[in-house]
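**Q** sharing a model that was predicted from the sequence below.
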Amino acid sequence: MSQDPIVHTIFLVFTGAAVLATLALAARQSLLVAYIALGALFGPSGLGLVSSPEIAADIAHIGIIFLLFLLGLDLHPQDLFHSIRRTTLVTVGSSLVFFGVGLGIALLAGFTPLEAVVIGGAMTFSSTIIGLKLLPTTVLHHQRMGEIMISVLLLQDLIAIAMLLLIQGAASHEGPWVEMALILLNLPGLALFAWACAQYVLLPLIRRYDTFREYVFLIAIGWCLGMAELSRWLGLSAEIGAFIAGVALASSPIALYIADSLRPLRDFFLVLFFFSLGARFEIGMLDDVLVVSLVLGLAALVVKPLVFRALFIATGGAPRRATELGLRLGQMSEFSMLVGALALQLGVIGARASYTISLATILTFIASSYLVVLRYPTPIAISDELRRD
């Protein structure tokens, strides 16, 4: 009997992920580390059980689209304006410092100027998943801390969106400035269309048939993927279209329900995405990227907490809370890996630069997660006294 490669790949991914996720939780580590490690173990450079990681990568791309869609759903325009006003100095100031550190390390390591810019950009982001998953919600102090963290992370996500646009422009055969001009022309039109369609078509339909949950679920998926495809047809990326689709619905009462409904679907595809990152990592490249990845990761682990602490104190934060916030934000991000993977796919950077970003990010995931659960209250803390839901 012939074996279906898609079914076989999904079987290996989720069965293996269940086992490694258990081990990761026992070791107080992020589940993202387990998914990436599983990909490296099962991929062509490991045991070779998944010989074509491209299958998982193609399927996983939908997860990134849903990730951007859900990010947009969380960006209520009024809340976004309040967040920007409250944490602009911290986010922009820290991003410039982190970009400069990453750029300098990359240039010293012999990367091209364009690769160094991408590596510097990847250095600027902190992990939304790790930051929020390790934050308790049952204590008032941490609820307040969560609000501040979300404000910073949302602004970083907007910077990441802008960076994705710049990478897409840099990859254009017509030249980056021509591509950026087309993007700037098409982007407002797409946003206006999304707003009008949401206000006058989608929301009236949802209000009329909101008792049928399956219908709302289908409308949300169709809207997300439809906007993603329209965006790609206009010369933008599918991720940008999904993000705009989410923002267009963010101010509606149904946004929270849609977000809760789609998170399991997003997580399904994101497991495949992080698995595919690990599976496509060539272990033979370790000799070329290990040293610079260690330097980049160590710089993130040292510089980020210090810079965040200084900026939070400068903007009126209490030193103790500023120290904890800095440590909780002191890693690179899943967006760092997304930027590196997209830039490699579009030919903007080489494999060495992309692998450096991925490995440095993984190293910061491991170290940062352990430092947080060792010192602060989290759902998976080292001691029972620190473990809080």
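**A** Good, I have the coordinates. Source: prediction; values computed, not measured.
**Q** once you drop chain neighbours, what's closest to Thr323?
**A** If you skip the residues right next to it in sequence, Thr323 has Arg309 as its closest partner in space, 5.3 Å away by CB to CB, 6 or more residues apart in numbering. Using the backbone N, CA and C atoms, a C-beta is placed for each residue, glycine as well.
**Q** now the helices for the stretch 251-389 of the chain?
**A** Counting by DSSP state H, counting those that start in this stretch, residue ranges of the helices within the stretch 251-389 of the chain are 255-279, 286-314, 319-328, 334-345, 351-375.
**Q** tabulate those (CSV), appending mean neighbour count.
**A** Putting the helices of the stretch 251-389 of the chain into CSV (neighbours: other CB atoms under 10 Å) gives the following:
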stretch, mean neighbour count
helix 255-279, 21
helix 286-314, 19
helix 319-328, 19
helix 334-345, 24
helix 351-375, 23
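**Q** so where's the stretch 51-200 of the chain shaky on pLDDT?
**A** Applying pLDDT under 70 to the stretch 51-200 of the chain flags residues 51-60, 75-86, 136-146, 168-184.
**Q** before we move on, what about the stretch 251-389 of the chain?
**A** Filtered on pLDDT under 70, the stretch 251-389 of the chain yields the residue ranges 379-389.
**Q** hmm, 50 instead?
**A** 389 (pLDDT under 50).
**Q** name the helices or strands packed onto the helix or strand hosting Ala122?
**A** Using DSSP states H and E, the secondary-structure element containing Ala122 is helix 113-123. With contacts defined as 3 or more CB pairs under 8 Å, 6 or more residues apart in numbering; DSSP states H and E, helix 113-123 has these neighbours: helix 77-108, helix 140-170, helix 286-314, helix 334-345, helix 351-375.
**Q** please redo it, this time with the cut-off set to 7 Å
**A** Under the contact criterion of 3 or more CB pairs under 7 Å, 6 or more residues apart in numbering; DSSP states H and E, helix 113-123 touches helix 77-108, helix 334-345, helix 351-375.
**Q** buried ones in the following helix or strand past that helix?
**A** Where DSSP H and E defines the elements, the next helix or strand beyond helix 113-123 is helix 128-133. Of the residues in helix 128-133, Thr128, Ile129, Ile130, Gly131 count as buried by neighbour count, 16 or more other CB atoms under 10 Å.
**Q** what is the nearest of those residues to Cys224?
**A** For Cys224, the closest of the buried residues of helix 128-133 turns out to be Thr128, at 18.7 Å, with distances computed as CB to CB.
**Q** for Trp223, see how far away the closest residue to the closest one other than its chain neighbours is.
**A** If you skip the residues right next to it in sequence, Thr128 has Leu153 as its closest partner in space, 4.8 Å away by CB to CB, 6+ apart. Summarising the geometry, the distance separating Leu153 from Trp223, computed by CB to CB, to the nearest Å, is 25 Å.
**Q** and Thr15, by the same measure?
**A** According to CB to CB, Thr15 stands 33 Å off from Trp223.
**Q** tell me which of the two has more neighbours.
**A** Comparing Thr15 with Trp223 by neighbour count (other CB atoms under 10 Å), the higher total belongs to Trp223, at 23 against 11.
**Q** checking the more buried one next. Helix, strand or coil?
**A** Secondary structure assignment for Trp223 (DSSP: H, G, I helix; E, B strand; the rest coil): helix.
**Q** surely it and Leu205 touch.
**A** No. Using CB atoms under 7 Å, Trp223 is not in contact with Leu205, being 10.2 Å away.
**Q** next, the contact list for Phe42, please.
**A** Each residue near Phe42 by CB atoms under 7 Å, 6 or more residues apart in numbering is listed here: Leu12, Gly16, Leu49, Val50, Ala279.
**Q** please enumerate residues in contact with stretch 291-299?
**A** Against stretch 291-299 from outside (CB under 7 Å, 6+ apart): Val101, Gly102, Ile105, Ala109, Met123, Thr356, Leu359, Ala360, Leu363, Thr364.
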